[in-house]
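Peer 1: okay, sequence plus prediction incoming.
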Amino acid sequence: MSQLPLRVSSETAAVLHEAHNTITARFAYDRYGLYEYVRVVAGRIARVDAFHVGLLHGTNRVRYVYGHDDPVSSAYPTNGLVAWVVRHKQTYRVRYDNGAALRAESDAADAVTVPLFRRDRTGGRRIFGMLSMYCSVTDTYDDDAVHAFEWLAGLVARVLARHQEDLEALRLLPGDAPGLASSATRDPVVEYLASRVASLRRTAEHVLVGGELSLAAEHLQQVVTSCAEIQSELAEMSMRADDGPERRFLALTPAEQRVALLIADGLNNQRLAQELGISANTVKTHLKNILRKYAMDRAQVAEDVQRHLVR
């Protein structure tokens, strides 16, 4: 079944056409650049005083990877915007609840929060994050702006999904893939930080050596921008590492998941067979497959499954 055309003005459609071409050509793997550009595009469609990108973490937490002063993972309020979008799985607009969810976490006068969806292993849609636009003026975001923001959010979600699919493909290759951050080692994070800190140091040195006030402001702005990029990129690295237990558990078959849960409870093979009503040989087969998929020993699998359960 074909979808209906997007209900936006011709001017907004032109902005979105340009955004699509630019994003697909330039920002396929530059997360911070993608968020920064989408903020600019949103500002061309309507007034945007603040713009946040939040990625869900666990069952009740969110990590803001763009536009927020502190990108640490934190529990979101049950009566706020994030909870509203997670609960309803649709775009939030002030008129839907007379601004109650907005007032619970912001003093903005108007806001639109659009969910980001990706396909799960069953083919269904799963919300994994959201884009939020805020304005200090009431009734700023009309239907044209909201439809455009939703279209942009869909584009962002597809770009992020393709990036994740590429990472998954790289993980299938034997050995270490260059540039692929692994939750099993700190080296990629250390190398990343060493490189970025060195760049910041060079920028500061230019200020000290140059001695010109006109250049100092420019260099300091570079430092501020670089720090924001580092915060965003580190948050996303952490998200990928934190998602490891869930990703590994969901890669198991339902039967293997049941075995893995009992392994996490400390049951031995005999108890596993009794609990599940299967033979000892079947238990050994499931266990062999689990250890192969996890690339860990039994104790490490138990710990990893426990980490998944507490998310």
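Peer 2: Looks like it came in fine.
Peer 1: okay, now the domains of this protein?
Peer 2: Taking automatic domain parsing as the domain assignment, the ranges for the chain are 10-171, 187-242, 245-309.
Peer 1: gap between the last one and the chain center?
Peer 2: In terms of C-alpha atoms, centre = their mean, to the nearest Å, the gap separating the centre of domain 245-309 from the centre of its chain is 28 Å.
Peer 1: what do you get for stretch 155-163?
Peer 2: Offset of stretch 155-163 from its chain centre (C-alpha atoms, centre = their mean): 10 Å.
Peer 1: where along the chain do the helices fall?
Peer 2: Here the chain has its helices, by DSSP state H, at 10-26, 31-45, 81-88, 94-97, 100-103, 143-171, 187-210, 213-242, 244-250, 254-264, 269-276, 280-294, 298-309.
Peer 1: of these, which is nearest residue 65?
Peer 2: helix 213-242 (4.6 Å; C-beta to C-beta). For the C-beta atoms, the positions are set from N, CA and C on the backbone; glycine is no exception.
Peer 1: so who does residue 144 touch?
Peer 2: By C-beta atoms under 8 Å, 6 or more residues apart in numbering, the contact list for residue 144 reads 7, 8, 9, 12, 45.
Peer 1: the first one and residue 148 touch, don't they?
Peer 2: If I follow you right, that is residue 7. No - using C-beta atoms under 8 Å, residue 7 is not in contact with residue 148; the gap is 9.7 Å.
Peer 1: just want to know which of these two has more residues nearby.
Peer 2: More crowded of residue 7 and residue 148, by other C-beta atoms under 10 Å: residue 148, with 26 against 12.
Peer 1: roughly how far does the closest residue to residue 156 other than its chain neighbours sit from residue 244?
Peer 2: Leaving aside its sequence neighbours, residue 156 sits nearest to residue 38 (C-beta to C-beta, 6 or more residues apart in numbering; 6.0 Å). Going from residue 38 to residue 244 by C-beta to C-beta, to the nearest Å gives 27 Å.
Peer 1: higher neighbour count, these two?
Peer 2: Comparing residue 38 with residue 244 by other C-beta under 10 Å, the one with more neighbours is residue 38, at 24 against 15.
Peer 1: surely the more buried one and residue 157 touch.
Peer 2: No - applying C-beta under 8 Å, one finds residue 38 not in contact with residue 157, separated by 11.3 Å.
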